[in-house]
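Q: Please work out how this folds:
(4 chains, ligands or ions: 2)
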Amino acid sequence: MSQGGSAPPGLAAHGPREVSMSIPVAPEMEIVATAQVAALGEYLAMTRDKIDEVKLALVEACINAFEHADCRDEQLHLTFRLGQEPKGREWLEVEVLDKGKGFDKAMVEEPSIEKSFASHRKRGWGLQIIKSLMDEVQITSGGWGTRILMRKYK
Amino acid sequence: MSQGGSAPPGLAAHGPREVSMSIPVAPEMEIVATAQVAALGEYLAMTRDKIDEVKLALVEACINAFEHADCRDEQLHLTFRLGQEPKGREWLEVEVLDKGKGFDKAMVEEPSIEKSFASHRKRGWGLQIIKSLMDEVQITSGGWGTRILMRKYK
Amino acid sequence: MSEACKVSSERRGDVVILWTDGYINNQGGEEIAREAYAHLEQGARGLVLNLEKTRIVNSIGISILIEVLEKVMDRKGALAFCGLTPTIDKTFRIMGLAQYAEIYATEDEALRGVDAKTA
Amino acid sequence: MSEACKVSSERRGDVVILWTDGYINNQGGEEIAREAYAHLEQGARGLVLNLEKTRIVNSIGISILIEVLEKVMDRKGALAFCGLTPTIDKTFRIMGLAQYAEIYATEDEALRGVDAKTA
Ligand SMILES: Nc1ncnc2c1ncn2[C@@H]1O[C@H](COP(=O)(O)OP(=O)(O)O)[C@@H](O)[C@H]1O
Ligand SMILES: Nc1ncnc2c1ncn2[C@@H]1O[C@H](COP(=O)(O)OP(=O)(O)O)[C@@H](O)[C@H]1O
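A: Residues are numbered from 1 along each chain as shown, chains lettered A, B, ... in the order given. Ligands and ions are numbered 1, 2, ... in the order given. Presented below is the predicted three-dimensional model:
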């Protein structure tokens, strides 16, 4: 087993587990992106349900950028990071960055099902879903675009 | 169905289907990368068997870079493109780029099972597998690194 | 695209069962709405949505489901869900959708629940 | 890591069946070799590798399988594969591995084949 016996040299000194990707602003590309986050969740041996939650949060962040951002580069920039707390808890972080027009968080109304029923507009649930499904969420937005950073613990 | 009725504005004018990503040079990251290529193959409705072939070719290209390249940036740069021939045949293209030390293709010996039996070294199958499983393969290498461009038709 | 949601349905008395298969986004939601509205036009009063073959419903899809629910409630009918993954279940509860549309584990229970409400 | 390959085995007379589950890379290959060599030490002469739960074997994994095959052949035994995905099957044939290790569709056929060769 001489050839396969020890870890190949390049593998020993590896950096942080960070995978970055760019996807085009195009229909269903958000689903293509979820494959990546699922693979990284599986890499951490996260439960299928938690992976599903991260997938939906990612889908919501992507479709927000697709719909609202008017990305100057017609691209969405995703970064996935795997890490571990000093205490040992592992996490999966997802960053969704668009170079779009940004928005004012203070202007976003909290949704409710009753408001949805009363109004013609039934949308407005994306950010709410993201915040509910992820353990930590940070949103920064401005004229440069929008960045959503979200973390899920294993 | 007013809200969901028409394609959201950002989606209408979409560019080419190109997904690029960077993965760390680290064990099993090649498997994480295959999730991406599988998702794109499914997007094209490629058969599972063809997707498996592309996945294995990608795995081989990744582990080659992990093992042999000594990447200066400790990263592997992957680009996946979906396209269509004028005649309508769809394809999935995979580009694997490393900023490593490169190699001389002319110096790579053709492997054979008999040579493998005769020798202590049983490796040397990666490039052969890539060429056999993909429809088109282009390898460029130099001091700047190595780029493997490979295409599979649907 | 393999992710396109397929919808099928079957009427059982006053109740219609709708099965989805795949991603429920705007297209998937519209597919469901089209099918549901056709049955409502033909007099169906109850709707059971079996999502057991769906793993992701995005918020656009959900907004369309809210429209369908509203139409059903306008007609004094009832809508119920079954076959939800834990994540879809959680999402529907977070949104308060579960207050207006019952969530059942199995199709049978959902059918009985909707039958009772529309009887 | 969920991808780590699990290997289990069972001896039936002179033949050992090995089942793999997951990605066969260097670790997976070594796991198989370890298990196979232990059985060869104990006198097994035939080996059936059932890969039905493996979707990817990389070239490092294959190189280790070639070593195992060589060890088996040195001892005048026989090795056969079954449960291969079309891609793994194709890869083994491209490499010429199939000339030295028979590929069967089912475990039963593989067992019978190896039994006949080592009898
Ligand atoms: N990436 C983004 N770029 C610009 N605006 C955004 C972005 N994400 C969200 N928004 C704004 O925040 C609002 C609320 O978003 P969300 O809760 O996802 O609901 P919805 O997308 O259904 O309107 C959007 O209507 C939009 O005005
Ligand atoms: N990305 C790369 N960077 C540098 N050298 C490479 C690269 N890919 C392949 N090579 C060289 O080509 C040889 C043949 O590669 P391959 O057919 O995959 O077999 P193996 O990796 O088992 O040696 C390698 O041994 C290595 O010298």
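
Q: Which residue, other than its chain neighbours, is closest to the closest residue to ligand 1 within chain C?
A: Relative to ligand 1, the nearest point of chain C is C:Ser59 (5.4 Å; C-beta to the nearest ligand atom). Backbone N, C-alpha and C define where each C-beta goes, glycine included. Distance criterion C-beta to C-beta, 6 or more residues apart in numbering or on different chains; nearest residue to C:Ser59, sequence neighbours excluded, is A:Trp125 at 4.1 Å.

Q: who touches the one you found in this structure?
A: Applying C-beta atoms under 8 Å, 6 or more residues apart in numbering or on different chains, we find A:Trp125 in contact with A:111, C:59, C:62-63, C:95.

Q: Which ones among the residues you listed map onto helices?
A: C:59, C:62-63 (DSSP state H).

Q: any low-confidence regions in the chain?
A: Since no chain was named, I'll use chain A. Scanning chain A for pLDDT under 70 picks out A:1-16.

Q: ah, no, chain C please
A: In chain C (pLDDT under 70), the answer is C:1-3.

Q: who in it is up against chain A?
A: Residues of chain C lying close to chain A (C-beta under 8 Å from any C-beta of the partner chain) are C:1, C:3, C:23, C:25, C:55-60, C:62-64, C:66-67, C:70, C:85-87, C:90-91, C:94-97, C:99-100.

Q: which of these count as buried?
A: The neighbour count (16 or more other C-beta atoms under 10 Å in any protein chain shown) marks C:3, C:23, C:25, C:55-60, C:62-64, C:66-67, C:70, C:85, C:87, C:90-91, C:95, C:97, C:100 as buried among those.

Q: in chain C, which spans are strands?
A: Assigned strands in chain C, in chain order: C:6-12, C:15-21, C:46-53, C:78-82, C:102-104 (criterion: DSSP state E).

Q: Next, the angle strand C:6-12 makes with the second one.
A: Relative orientation of strand C:15-21 versus strand C:6-12 (axes from the mean of the first three to the mean of the last three C-alpha atoms, to 10 degrees): 160 degrees.

Q: Sheet-wise, list the partners of strand C:15-21 with their directions.
A: strand C:6-12 (antiparallel), strand C:46-53 (parallel) (DSSP bridges).

Q: Dump it to PDB, keeping only the CA atoms.
A: Presented in PDB, the C-alpha positions along strand C:15-21 are these (Å, rounded to 0.1, in the frame of the first residue of the first chain):
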ATOM      1  CA  VAL C  15     -62.000  17.100  -1.500                       C
ATOM      2  CA  VAL C  16     -59.000  17.300  -3.800                       C
ATOM      3  CA  ILE C  17     -55.600  15.900  -3.100                       C
ATOM      4  CA  LEU C  18     -52.700  17.700  -4.800                       C
ATOM      5  CA  TRP C  19     -49.300  16.000  -4.900                       C
ATOM      6  CA  THR C  20     -46.200  18.100  -5.700                       C
ATOM      7  CA  ASP C  21     -42.900  16.700  -6.800                       C
END
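
Q: Now do that strand and strand C:78-82, the angle between them.
A: Going by the same axes, to 10 degrees, strand C:15-21 makes 40 degrees with strand C:78-82.

Q: now swap in the longest one and tell me
A: Counting by the same axes, to 10 degrees, strand C:46-53 points 20 degrees away from the direction of strand C:78-82.

Q: Which residues belonging to strand C:46-53 are considered buried?
A: For strand C:46-53, by 16+ other C-beta under 10 Å, it's C:46-51.

Q: again, but for the first one
A: Of the residues in strand C:6-12, C:7, C:9 count as buried by neighbour count, 16+ other C-beta under 10 Å.

Q: Give the burial count for the closest residue in space to C:Phe92 that isn't next to it in sequence, as a bare number.
A: Leaving aside its chain neighbours, C:Phe92 sits nearest to C:Ala98 (5.2 Å; criterion: C-beta to C-beta, 6+ apart). Residues contacting C:Ala98 under the criterion other C-beta atoms under 10 Å in any protein chain shown number 17.

Q: for chain C, what are the nearby residues on chain A?
A: A:28, A:30-31, A:34, A:49, A:52-53, A:55-56, A:59-60, A:63, A:111-114, A:116-117, A:122-123, A:125-126, A:128-129, A:132-133.

Q: Can you say which of these are buried?
A: With burial judged by 16+ other C-beta under 10 Å, the buried subset of the residues of chain A next to chain C is A:28, A:30-31, A:34, A:52-53, A:55-56, A:59-60, A:63, A:111, A:113, A:116, A:122-123, A:125-126, A:128-129, A:132-133.

Q: circling back to that earlier point, the residue of chain C closest to ligand 1 and ligand 2, how far apart?
A: According to C-beta to the nearest ligand atom, to the nearest Å, C:Ser59 and ligand 2 sit 43 Å apart.

Q: Which single residue of chain A ends up nearest ligand 1?
A: A:Gly126 (2.1 Å).

Q: Name the secondary structure element that contains the residue lying closest to A:Ala38 once chain neighbours are set aside.
A: Leaving out its chain neighbours, the residue that sits closest to A:Ala38 by C-beta to C-beta, 6+ apart is A:Ile51, at 5.3 Å. Using DSSP states H and E, A:Ile51 maps to helix A:48-64.

Q: Please compute how far the next helix or strand after that helix lies from its chain's middle.
A: For helix A:48-64, the following helix or strand on the C-terminal side (DSSP H and E) is strand A:75-84. In terms of C-alpha atoms, centre = their mean, to the nearest Å, the centre of strand A:75-84 is found 7 Å from the chain centre.

Q: Sheet-wise, list the partners of the helix or strand that comes right after strand A:75-84 with their directions.
A: For strand A:75-84, the succeeding helix or strand toward the C-terminus, using DSSP H and E, is strand A:90-98. Strands that pair with strand A:90-98, judged by DSSP bridges, come out as strand A:75-84 (antiparallel), strand A:145-153 (antiparallel).

Q: these two touch, right, A:Leu133 and A:Ile51?
A: No. The pair A:Leu133 / A:Ile51 is not scored as a contact, 11.1 Å apart, by C-beta atoms under 8 Å.
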